[in-house]
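Q: Below are the sequence and a predicted model for it; my questions follow.
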Amino acid sequence: MQPCTLSQKIDRPVTVVFEYLSDLANYSEFTEHFLADWRMTREETYGLGAGGRFREDLPFDRFGWGDMAVVEYEAPRLIVLVGCGGKYNRIRTLTAFELTDDGNGGTEVTLTVETRPVFPSDKAIGAIGQNRARRRGWRKSLKRLSRILEEGKERGPRATIAGGARKPATGLRD
């Protein structure tokens, strides 16, 4: 898939938006309509190295499980997630959130999503409708993110590790 770039204005300071996006356990709250069944891959869900596994709901997708982990983290402006999905996890994904101050105390969130299918069959299935559905899903996610941060509404379930916190010091960030 060619890189897909989407933007959304959020009437919250850059630091607030960055703190929210830095915790991967929050992603299920605004992506649950097309990225469901989130499970964290480690105890620390915040910052560099945090990762999650999810089921992507796309057309013609028999192998919907995917994962992503934070590989680049530059406070308070950039979060880059790299992952894989599809059959045998052979389709590589790149998701980047760039945050900029809009000059009025708000934040401009620019999301770039890219997939790299390996085989022609993966490219064909992506072209049939998955790319369009993924773009539509991320567009709706950015709008939900905006509503969550501005109004505190439409929060979906927060992802956790099965069984909850393992140590007393690993409580959830609110």
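A: It's in.

Q: Okay, and the residue nearest the centre of the chain sits in which element?
A: Nearest to the geometric centre of the chain sits residue 27, at 5.5 Å (C-alpha atoms, centre = their mean). Per DSSP states H and E: residue 27 is located in helix 27-31.

Q: Please name every helix or strand in contact with that helix.
A: Here helix 27-31 touches strand 35-40, strand 51-56, helix 131-151, going by 3 or more C-beta pairs under 8 Å, 6 or more residues apart in numbering; DSSP states H and E. All C-beta atoms are positioned from the backbone trio N, CA, C, and that covers glycine.

Q: just these: most buried one?
A: Comparing these by mean neighbour count (mean count of other C-beta atoms under 10 Å), strand 51-56 ranks first with a mean of 20.

Q: Restricting to C-alpha, output the following helix or strand past that one in CSV.
A: Moving toward the C-terminus from strand 51-56, the next helix or strand (DSSP H and E) is strand 65-74. Presented in CSV, the C-alpha positions along strand 65-74 are these (Å, rounded to 0.1, in the frame of the first residue of the first chain):
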residue,chain,number,x,y,z
TRP,A,65,-4.0,-10.9,13.6
GLY,A,66,-1.3,-8.3,13.6
ASP,A,67,1.0,-6.6,16.0
MET,A,68,2.9,-3.3,16.4
ALA,A,69,5.6,-2.0,18.7
VAL,A,70,7.0,1.5,19.3
VAL,A,71,10.4,1.8,17.7
GLU,A,72,10.9,5.5,17.6
TYR,A,73,9.9,7.9,20.3
GLU,A,74,10.7,11.6,20.3
